[in-house]
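In: got a predicted structure here, sequence first:
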Amino acid sequence: MFTGLPEYPWQKLKPYRAIAQKHELGIIDLSVGSPVDPTPEIIQKALDNSTNAPGYPSTFGSLEFREAVVEWFKRRRGVTLTSDQVMPNIGSKEFISFLPLMLGLTKGDVVIQPSVAYTAYVVGAALCGAEIISEDDPANWPANTKLVWLNSPGNPDGRVLDAVELKAAVDRARELGAVVASDECYAELGWGRWESELIPSVLDPRVSGGSDKNLLAIYSLSKQSNLAGYRAAFAAGDADLIKGLVNLRMHSGLMMPTPVQNAVIAALGDEAHVQAEKAIYRNRRQILLEAVKAYGFKIAESQAGLYLWATLEEDCWATVTRMAELGILVVPGEFYQEGGSKYVRFSITATDKDIAEGAARLTNALGLKH
Ligand SMILES: Cc1ncc(COP(=O)(O)O)c(C=O)c1O
């Protein structure tokens, strides 16, 4: 058994869940980013219509699938691609976790991730024995860097990198000969400035300078389309990298099922459900944001995505305890590297009822705040 990974961090939340569950009105779980609203009917129907699938699916994705992704990149991201630059993923987490291994990284190689980062980047480095460094400043990336993870909008902090910041990262990675993998699954969920401006992709010509060499953008429909249960995602970019990765995935049987491919085509062709879901999140976010601020939290970044990245300027576990005593479960920032040790993450992927109840508890606790 491979033992290079610790126990899944969420286990550490169990005692705090137990405290929160004792609240007389029950637990409000704001710890997970798993969507709770229904999968849009247009997508469910596409899946229903594809249940007859006797043959193996294409690892590369059907041409219709790839063309739907190409069309989406053009319409929603301002990026022009060809269909050989696109491949399906069975949810993006598997792709993220195995990318360093599939790229052939090994001991002595460095993988860069943001200073506060989604947990799967560490996993990918551990699986191949590479070293992971959490560093936002491209100038500090060492010479043996082989892979750079960007995550904009970021989880947990909701930070958005503009085209200039993305370009600086790409330029430095190019100097080092490293691959840049940009995890962009919250790109449709921008707030404030990012409601009117498209959140840039690493494949945006202002960033890539018109060459996709060594660049990969990773996108998921889990959040924008309430499809986390379908495992529906894709990667796009450097055609040579895509070809090599598809070959390895063919050998390993990593195929997106045909019915899911067809569901993705339907999802990408329909903008209405994405906007409708976004309106729901906008409302939840506003309600929770006001309550979290009223309680005394300072909010950092949180310009996009499904989380509030908040601090009481104390150790994150003290804040997790305070919240658990109100019956609210949040994630300690420590799960996302040292940079998060004074923060907690509130998720807005709870029902309207739970968000309202969580907000009421925070507001009513005003007398307790420090
Ligand atoms: C930054 C980031 N990347 C990737 C994922 C994984 O998404 P999925 O595997 O559902 O496509 C998540 C899920 O929360 C995420 O926050």
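Out: Yep, it's here. Predicted model, so just to flag it, every value in this text is computed and none were measured.
In: element containing residue 245?
Out: Using DSSP states H and E, residue 245 sits in helix 239-252.
In: report the buried residues of that helix.
Out: 239, 241, 242, 245, 246, 249 (16 or more other Cβ atoms under 10 Å). In short, each C-beta sits where N, CA and C put it, glycine included.
In: got the contact list for the fourth one?
Out: Which is residue 245. Residue 245 makes contacts with 87, 99, 102, 235, as judged by Cβ atoms under 8 Å, 6 or more residues apart in numbering.
In: neighbours around the third one, how many?
Out: Applying the criterion other Cβ atoms under 10 Å, we find 18 residues in the vicinity of residue 102.
In: skipping adjacent residues, who's closest to it in space?
Out: residue 248 (5.0 Å; Cβ to Cβ, 6 or more residues apart in numbering).
In: and the strand or helix carrying residue 67, what does it pack against?
Out: Residue 67 belongs to helix 63-77 when assigned by DSSP H and E. Judged by 3 or more Cβ pairs under 8 Å, 6 or more residues apart in numbering; DSSP states H and E, the packing partners of helix 63-77 are strand 86-89, strand 233-237, helix 258-268.
In: now what about that helix, what contacts it?
Out: Here helix 63-77 makes contact (Cβ under 8 Å, 6+ apart) with 60-61, 79-88, 187-188, 198, 200-201, 203-204, 217, 234, 236, 256, 261-262, 264-265, 268-269, 271.
In: can you select the buried ones among those for me in ChimeraX?
Out: Selecting only the buried entries of these in ChimeraX, with 16+ other Cβ under 10 Å as the criterion:
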select :60,61,79,81,83,85,86,87,88,187,188,200,201,203,204,217,234,236,256,261,262,264,265,268
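In: circling back: for the helix holding residue 67, buried residues please.
Out: Neighbour-count burial for helix 63-77, counted by 16+ other Cβ under 10 Å, picks out 65, 66, 67, 68, 69, 70, 72, 73, 76, 77.
In: all strands for the stretch 51-200 of the chain, in order.
Out: Assigned by DSSP state E, counting those that start in this stretch, the stretch 51-200 of the chain shows strands spanning 86-89, 110-113, 131-134, 145-151, 179-183.
In: for residue 142, see how far away the nearest residue to residue 336 once chain neighbours are set aside is.
Out: In space, and not counting its chain neighbours, residue 336 is closest to residue 116: 4.6 Å by Cβ to Cβ, 6+ apart. Distance of residue 116 to residue 142, computed by Cβ to Cβ, to the nearest Å: 20 Å.
In: compare the two (neighbour count), which wins?
Out: Comparing residue 116 with residue 142 by other Cβ under 10 Å, the one with more neighbours is residue 116, at 27 against 11.
In: which residues of the stretch 1-150 of the chain lie near the ligand?
Out: 33, 91, 92, 93, 118 (Cβ under 6 Å from any ligand atom).
In: try it again at 8 Å.
Out: Counting by Cβ under 8 Å from any ligand atom, the stretch 1-150 of the chain comes close to the ligand at 33, 34, 89, 91, 92, 93, 94, 96, 118, 120.
In: among those, name the ones in helices.
Out: Here DSSP state H is the test, and these give 92, 93, 94, 96, 120 as lying in helices.
In: domains of the chain?
Out: 9-38+273-368, 41-270 (automatic domain parsing).
In: just the mean pLDDT for the shortest one, thanks.
Out: This means domain 9-38+273-368. Averaged across domain 9-38+273-368, the pLDDT comes to 96.
In: backbone torsions only: list them for the closest residue in space to residue 223 that isn't next to it in sequence.
Out: Spatial nearest neighbour of residue 223, excluding adjacent residues (Cβ to Cβ, 6+ apart): residue 185 at 5.8 Å. With angles defined as degrees, to the nearest 10, residue 185 sits at phi -70, psi -10.
In: which residues sit in contact with residue 185?
Out: Here residue 185 is in contact with 92, 218, 219, 220, 222, 223, 224, 233 (criterion: Cβ under 8 Å, 6+ apart).
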